[in-house]
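> sequence below, structure please.
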Amino acid sequence: MRRKLMAGALALTMVASLVACGGEKKAASEGDSKEAVTTEKSEAQSTGESSGKHYKFGYTCMDGTNPFFVTIQDKIKELVEAKGDELIVTDPGNDVTKQISQVEDMLSQKLDGLFMNPVDAQGIIPALDMAKEAGVPMVGFDTEVGDMSYLVSYTGSDNYNAGKVVGEDLVKKAPNGGKIIVLDSPTMQSVVDRTNGFMDAIKDHGFEVVAQQDAKGNLQVAMGIAEDLLQSNPDVVAIFGGNDPTALGALAAANAAGIKKCMIYGVDGSPDIKSELASGNSLIEGTGAQSPVSIAEKAVQIMYDYVEGKKVDERYPVDTFLITSDNVAQYGTDGWQ
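Residues are numbered from 1 along each chain as shown. Here you go, the predicted model:
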C-alpha cells in the first residue's frame, strides 16, 4: 500500500513538473512575441511609418503656376504619398485673401500639418491664427511669414545671398556703374531679401536705380511693367528681377523693344533661365540659383520629424549660388538642381 501511495505521489509530481515546464515555455513564447512586436513597432517608428497612423497634410504656396513652386509641390506630394499619406494642394494665385480662405477650408478637413508659403508675409497672419487655434503645426518653406513664432520650423534658400551674388557679378561686369531697373515684390519676403542682397552688393559702385516696381513675381506682370519702363529708359545697363519669371518677362519686353545691350538677372536657377544662359545669345546674364528639390525634401523631413515627436530646429537654410553662361553646363538645362 505504501509503495502504491509513493508511486502515485511521484506520478503527480511529474505531471506538475510537466505542466510547469509547459507554462514556462508558453510564457517565454509570449514574451518573445511581445518583444518582437515591440521591436518591430520601434523600428517602424524610427522610419516614420509608425503604428498604422496615416497623416493628412495641407500645402499652400503663393503662386502654383511658378515652375519653382511646381517643382516643390510635386516633390512634396511624391514624398508624402510614398509614405501612404495624403497631401491637399491649393493655389491662391498670388491673392492673400484667397489664400486665407483656402487655408481655412483645409483646416476644416482635420489636417495633421500644413506646409506654408505665404502670398503676403503680414497679410497671411489671420490664416496662421486659425492654424494655431486648430493645433495644426506649420512648416514654412522658401518665404518667411511676418511672425516666425507661428511656425514649428522653416526651410528655404539663403535669399539674401542669392541677390548678393547677382549684385557682385553686375559690379564686376559693369565697373563704371550705370542706370538699372529693379523689378521686386515687396509683399514676398523672399524677394525682399534677394533685393536687399542685390542692393547692398551694388551700393557705392556708381549705379542709379531709375525705376523700382512690384512685378509680383509673375512673368506677364513683369513684361508689361518692363515694356513701359524701357520706353523711357532704353539705356539701362541692367535689370534685376526678384525671381526667374520676372527676369523672363523683362527679357521678352527687352527683345520686343529691340534692346541689344542690357544685362538681365533673375533668381531661381530655373531650366528656362539656364537654357537662355546656355544659348550664348541672350540678354539673360545670370541667376542666383537655388534648389527647390532640396527645399521640398527638407520640408517633408521636418514635418515628419515633428509629427513623430522628434526635435526640430527653428531654421534649415539651403545654399544659393550664381549660375552664368560660364558654369551653366555643369548644372544642365533640362531640370532643377
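
> what residue ranges in the protein score low on pLDDT?
Applying pLDDT under 70 to the chain flags residues 1-52.

> which residue ranges of it form strands?
Remark: strands assigned in the chain by DSSP state E are 56-60, 86-90, 113-116, 138-141, 153-157, 178-184, 207-214, 238-241, 263-268, 284-289, 315-318, 321-323.

> need those in TSV (columns: mean neighbour count and distance to Asn196).
Any C-beta I mention is one placed from the backbone N, CA and C, and that applies to glycine too. TSV is the format used below for the strands of the chain (neighbours: other Cβ atoms under 10 Å; distance: least, Cβ to Cβ, whole Å):
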stretch	mean neighbour count	distance to Asn196
strand 56-60	23	25
strand 86-90	17	29
strand 113-116	25	22
strand 138-141	27	19
strand 153-157	24	14
strand 178-184	22	10
strand 207-214	16	12
strand 238-241	30	12
strand 263-268	30	12
strand 284-289	28	12
strand 315-318	16	16
strand 321-323	20	17
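
> tabulate these in CSV, adding columns for distance to Gly335.
As requested, these are arranged in CSV below (distance: least, Cβ to Cβ, whole Å):
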stretch, distance to Gly335
strand 56-60, 21
strand 86-90, 21
strand 113-116, 22
strand 138-141, 19
strand 153-157, 17
strand 178-184, 26
strand 207-214, 30
strand 238-241, 21
strand 263-268, 13
strand 284-289, 13
strand 315-318, 17
strand 321-323, 13
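
> can you name the residues bridging to Ile239?
Ile181, Ile264 (DSSP bridges).

> that one is in contact with Leu183, isn't it?
Yes: Ile239 is in contact with Leu183 according to Cβ atoms under 8 Å; the separation is 6.7 Å.

> so what sits against both of the two?
Common contact partners of Ile239 and Leu183 (Cβ atoms under 8 Å, 6 or more residues apart in numbering): 226, 250.

> I figured Ile273 hits Leu283, correct?
No: using Cβ under 8 Å, Ile273 is not in contact with Leu283, being 11.5 Å away.

> neighbour-wise, which of the two wins?
Ile273 (30 against 18; other Cβ atoms under 10 Å).

> how close does the more buried one sit to Val307?
36 Å (Cβ to Cβ, to the nearest Å).

> can you tell which of the strands of the chain is closest to Asp147?
Among these, strand 138-141 comes nearest to Asp147, with 10.9 Å by Cβ to Cβ.

> check which helices and strands the closest one is in contact with.
strand 113-116, strand 153-157, helix 292-307 (3 or more Cβ pairs under 8 Å, 6 or more residues apart in numbering; DSSP states H and E).

> and these: which comes nearest Leu322?
strand 153-157 (12.9 Å).

> ok, that closest one: who's next to it in the sheet?
Strand 153-157 has these strand partners (DSSP bridges): strand 138-141 (parallel), strand 315-318 (parallel).

> count of neighbours near the residue nearest to Ile100 when sequence neighbours are not counted?
Leaving aside its chain neighbours, Ile100 sits nearest to Ala127 (4.4 Å; criterion: Cβ to Cβ, 6 or more residues apart in numbering). For Ala127, the neighbour count with other Cβ under 10 Å is 26.

> check Gln330 too.
Neighbour tally, Gln330, other Cβ under 10 Å: 8.

> got a list of what it touches?
For Gln330, no contacting residues are found, by Cβ under 8 Å, 6+ apart.

> ok, it to Gly113 distance?
Counting by Cβ to Cβ - Gln330 and Gly113 are separated by 36 Å.

> Ala201 touches Val166, doesn't it?
Yes: counting by Cβ under 8 Å, Ala201 touches Val166, with 7.4 Å between them.

> more crowded one of the two?
Each of Ala201 and Val166 has its neighbours counted (other Cβ under 10 Å); Val166 has more, 31 against 20.

> who touches that one in this structure?
Contacts of Val166 by Cβ under 8 Å, 6+ apart are 194, 197-198, 201, 240, 265, 267, 286-288, 322.

> let's see 7 Å
Contacts for Val166 were tallied using Cβ atoms under 7 Å, 6 or more residues apart in numbering; they are 198, 240, 265, 267, 286, 288, 322.

> so which of the strands paired with strand 153-157 gets nearest Gly206?
strand 315-318 (31.8 Å).

> give me the distance between the closest one and the centre of its chain.
Relative to its chain's centre, strand 315-318 lies at 10 Å (Cα atoms, centre = their mean, to the nearest Å).

> equivalent analysis for stretch 171-189, please.
Centre-to-centre, stretch 171-189 and its host chain are 25 Å apart (Cα atoms, centre = their mean).

> number of nearby residues for Gln122?
Neighbours of Gln122 using other Cβ under 10 Å come to 12.

> neighbours of the residue lying closest to it once chain neighbours are set aside, just the number please.
Spatially, and ignoring its direct neighbours in sequence, Gln122 is nearest to Gly146 (4.1 Å; Cβ to Cβ, 6+ apart). Using other Cβ under 10 Å, the number of residues around Gly146 comes to 14.

> with Pro137 instead?
Counted with other Cβ under 10 Å, Pro137 comes out at 20.

> pretty sure it is touching Tyr304, no?
No: with contact defined as Cβ atoms under 7 Å, Pro137 does not count as touching Tyr304 (11.2 Å).
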